[in-house]
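> Just a sequence and a predicted model for now, questions to come.
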Amino acid sequence: MKFRWAIIGLALLYSVYMLLAPPEDGSWSLDNYKENIKLGLDLRGGIFMQLQVDLEDALDQFLEEQAGIIRGSLDGQDVKSTGSSYDFDSQTVTLAGVTSETEDNILKFVRDRYQDLWSIDKRGADIVLRLRDTARKSVEQDAINQTVYKIQNRIDELGVTEPVINRTLGSNRIVVELAGADDSRRVYKIVQEPGQLEWRLKVKGTSSAPTEQALLAQSGGQPPPGGKAFRQVDTMGNTSFMWLQDVMLTARNIANVNVTRDSSGLPAVGVVLNREGGEIMNRESKNNIDNQLAIVLDGEVISAPAIRTQLAERFVIEGNFTQQEVSDLVVKIKSGSLPAKVEILENRKIGPTLGRDAIKSGFTATVIGLIIVVIFILIYYRTAGFFAFIALVMNLVLIMGMLSGIGAVLTLPGIAGFILTIGMAVDANVLVFERIREELRTGTMPKNAVDIGYKSAFVTIMDANITTFLAAFVLWLMGQGPIKGFATILMIGIVCSIFTAVFCSRTFFLAYIQRDASMKTLSIWPVWRSNTVKT
C-alpha cells in the first residue's frame with residue numbers, strides 16, 4: 001500500500017508541477033497553466049497555410065545546377081568540351097563538342113563521378129547524360145524534405161513560437177500553422193519566395209537590352225553559348241535584360257550573412273563567403289576584370305556591378321532596400337534557398353475571438369458532461385462511485401499535466417477528445433464495478449470480490465483501450481493540425497484512464513476494505529439492499 005500511495009503521489013505532484021511550472025521569470029501563480037498549456041491555431045488564432053512544392057521546378061533547378069557542376073569539374077581536370085546544356089523534358093544534360101582526343105578522358109571521368117545518377121550515351125560529338133528514375137525520385141523527395149526544413153528555419157528566424165510545419169504523408173504538400181501570428185503578408189513572402197541567391201558572370205561581348213526580344217535579336221535570334229536571359233529592374237523602375245553565364249556561386253558558398261550599411265549609409269546585406277567560394281570568386285574575378293558580376297535573387301538581377309579589381313571573400317549587396325526588406329533577405333539567405341517553387345493552395349487568417357468562443361463552449365461542455373457523469377456514478381454506485389469520482393478528478397489532472405509536460409498543443413477537436421476520455425475513464429470503472437457486483441451476489445467476501453473484479457475486467461479494459469490507442473496513433477501519424485491534436489489528447493487520456501481506473505481506484509478500494517477486516521458487504525447499489533454476504 002505504501003508503494004501504491006507513493007506512485008499516486010508522485011504522479012499527482014509531477015502533473016501539478018508541470019501544469020503550474022513558473023515561466024522564465026520564476027514566478028509561481030495559479031494562472032501559469034494559461035502559459036504552460038499551448039493552444040492550437042483554432043483556439044488561439046493565427047495563420048494557416050497549405051503549400052505545394054513544384055517538383056518540376058525542383059528537377060529543373062537540379063538539372064541546371066548539375067550542368068554547371070559537371071562542366072566546372074571537367075574544366076578543373078583540364079578536360080575540355082565546348083559547352084554543357086540541359087533539357088527538362090528529356091531530363092538530360094548534354095556535353096557538346098567532345099573531340100576524339102578528349103572523348104575517352106571525358107567518358108572515364110563522368111562514369112567514375114556520376115554513373116550512380118546518370119545513364120551515359122555517346123551521340124556523335126556529344127555525350128548525353130540521362131537522369132535515372134531512382135535519382136529523379138530522390139531529387140523530388142529531397143526537395144520536399146528540404147523545403148519543410150528551410151521553411152521551418154525561416155519561421156524560427158521570425159520569432160513565431162511553437163510553429164507547426166508538417167509534410168502531408170505521401171504527397172508534395174506542406175501544412176503550416178502559426179498560432180498567434182498576425183502579419184500574414186510578411187509570412188506569405190517569407191514562406192513562398194525561393195530566396196535563391198546566385199552569382200553569375202555576364203556573357204562577354206554582349207550588352208543589355210530593354211526587352212528580351214531585343215536581347216535575343218542582338219545575338220542573331222539564338223542565345224550565346226552557355227547564356228541565359230535574366231531581368232534587372234533598377235532603382236528608377238527601368239527594366240533591362242542581359243545574358244548571364246552558368247551559376248558561379250550560390251548561397252551554399254556563404255559562410256556568414258548579416259544586416260549592414262552600404263557606403264551611403266543605406267540598409268544593405270553583408271556577405272562573407274566560405275573558403276571554396278572565396279577561392280572561386282578570387283579566381284573568376286581576376287579573369288573577368290571589367291566584366292559585370294550579377295547578383296541574382298529568385299531569378300532576377302538585383303545588382304550587376306562591374307569588376308574593377310580582383311575580389312576577396314567579403315561582399316556588401318547594395319540595393320534600394322528598406323530595413324525590413326534587408327532583414328527578410330538575411331533570413332532567406334541564412335536559411336538557404338528553397339529547392340523549388342512553392343505554391344500556396346490555401347491561406348487563412350483565424351482571429352482570436354473565434355478561439356475564445358471555442359474555449360468557452362468546450363469548457364462548458366466539459367463541465368456539463370463531468371457533472372452528469374459524476375451524478376450518475378454517485379447515485380448508482382454509492383461508495384464505489386465516490387472512488388470512481390476521485391479517480392476521475394485525478395485523471396483530469398494527470399491529462400493536463402502530461403499535456404503541459406510534453407508540450408502538446410490543445411486544439412478544438414482536442415477538447416472533444418478530452419471529453420471523450422471522461423466517458424472512457426468511467427467506462428473502465430463500470431466494467432470493474434459490475435464484475436464486483438456479480439461476485440457479491442454470489443456471496444463472495446468484499447476483499448475477494450474486489451480482487452476478482454479487477455483481475456477479470458483487466459483484459460477487457462486493456463483490449464478496448466489498446467485498440468482505441470492504436471487508432472489514435474494512426475490518426476496522429478496521418479493527420480494534421482486539429483486532427484493531430486485530437487489524437488494526442490486521446491492517447492494521453494487512454495494512458496491516464498488505465499492508470500486511474502486500474503491502479504488508483506483499486507488502491508482506494510483496498511484502503512477502504514483494510515479499515516474493517518470483517519467487512520461483509522460493500523455500498524455498491526443495489527447489492528447492499530438485497531444481498532448479504534454468505535459466511
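That came through, no problem.

> can you map out the strands along the stretch 301-450 of the chain?
314-317, 342-350, 409-410 (DSSP state E, counting those that start in this stretch).

> distance between the shortest one and the chain's centre?
By that I understand strand 409-410. 15 Å (CA atoms, centre = their mean, to the nearest Å).

> The longest one now?
Centre-to-centre, strand 342-350 and its host chain are 16 Å apart (CA atoms, centre = their mean).

> Just checking: what are the partner strands of it?
In the sheet, strand 342-350 lines up against strand 46-53 (antiparallel) (DSSP bridges).

> pLDDT at residue 243, what is it?
Per-residue pLDDT puts residue 243 at 91.

> Kindly report the same for residue 492.
Predicted confidence (pLDDT) for residue 492: 90.

> pretty sure it is touching residue 403, no?
Yes - in this structure residue 492 lies within contact range of residue 403 using CB atoms under 8 Å: 6.2 Å. For glycine as for every other residue, the C-beta is placed from the backbone atoms N, C-alpha and C.

> joint contacts of the two?
Common contacts of residue 492 and residue 403, defined by CB atoms under 8 Å, 6 or more residues apart in numbering, are absent altogether.

> And stretch 340-356, end to end?
Using CA to CA, to the nearest Å, the end-to-end distance of stretch 340-356 comes out at 38 Å.

> again with stretch 250-265
End-to-end for stretch 250-265, by CA to CA: 26 Å.

> Over to stretch 438-452?
First-to-last residue span, stretch 438-452, CA to CA: 10 Å.

> Just the buried positions in it, please.
439-440, 444-446, 449-452 (16 or more other CB atoms under 10 Å).

> quick one on the thing from earlier: so which of the strands of the stretch 301-450 of the chain is the most surrounded?
Burial of the strands of the stretch 301-450 of the chain is given as mean neighbour count (mean count of other CB atoms under 10 Å); strand 409-410 ranks first at a mean of 24.

> Low-confidence regions, the stretch 51-200 of the chain specifically.
Applying pLDDT under 70 to the stretch 51-200 of the chain flags the ranges 69, 71-84, 86, 88, 97-102, 157-162, 193-195.

> Show me the strands in it, by range?
83-87, 92-96, 118-123, 126-131, 164-167, 173-179, 197-202.

> okay, those in a markdown table with mean neighbour count and distance to residue 255 next?
Below are the strands of the stretch 51-200 of the chain laid out as a markdown table (neighbours: other CB atoms under 10 Å; distance: least, CB to CB, whole Å):
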| stretch | mean neighbour count | distance to residue 255 |
| --- | --- | --- |
| strand 83-87 | 18 | 28 |
| strand 92-96 | 21 | 29 |
| strand 118-123 | 14 | 31 |
| strand 126-131 | 20 | 31 |
| strand 164-167 | 18 | 27 |
| strand 173-179 | 23 | 29 |
| strand 197-202 | 22 | 13 |
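
> Quick one: closest of those to residue 466.
Among the strands of the stretch 51-200 of the chain, the nearest to residue 466 by CB to CB is strand 164-167 (26.1 Å).

> which strands and helices sit next to the closest one?
For strand 164-167, the elements it packs on are helix 133-158, strand 173-179, judged by 3 or more CB pairs under 8 Å, 6 or more residues apart in numbering; DSSP states H and E.

> Could you double-check that residue 253 lies in contact with residue 276?
Yes - at 6.2 Å, residue 253 and residue 276 qualify as touching, with contact defined as CB under 8 Å.

> So which of those two has more stuff around it?
With neighbours defined as other CB atoms under 10 Å, residue 253 and residue 276 compare such that residue 253 has more, 21 against 13.

> Could you list which residues are in contact with the more buried one?
So residue 253 contacts 273-274, 276-277, 280 (CB under 8 Å, 6+ apart).

> mind checking how far it is from residue 40?
Using CB to CB, to the nearest Å, one gets 40 Å for the distance from residue 253 to residue 40.

> Please work out how many residues are found near residue 181.
23.

> got it, and residue 323?
Residue 323 has 10 nearby residues by other CB under 10 Å.

> Give the helix, strand or coil label for residue 225.
State at residue 225, reduced to three classes by DSSP: H, G, I helix; E, B strand; the rest coil: coil.

> Let me see the backbone angles for it.
The phi and psi values for residue 225, taken as degrees, to the nearest 10, are phi -50, psi 130.

> quick one: it from residue 96, how far?
In terms of CB to CB, residue 225 sits 9 Å off from residue 96.

> do the same with residue 116
23 Å.

> Looks like residue 429 contacts residue 374 (just checking).
No - using CB under 8 Å, residue 429 is not in contact with residue 374; the gap is 11.8 Å.

> The two: which is more packed in?
Neighbour totals were compared for residue 429 and residue 374, and residue 429 leads with 25 against 18 (other CB under 10 Å).

> Using the three-state scheme, assign the closest residue in space to residue 397 that isn't next to it in sequence.
Spatial nearest neighbour of residue 397, excluding adjacent residues (CB to CB, 6 or more residues apart in numbering): residue 15 at 5.2 Å. Judged by three-state DSSP, the three-state class of residue 15 is helix.
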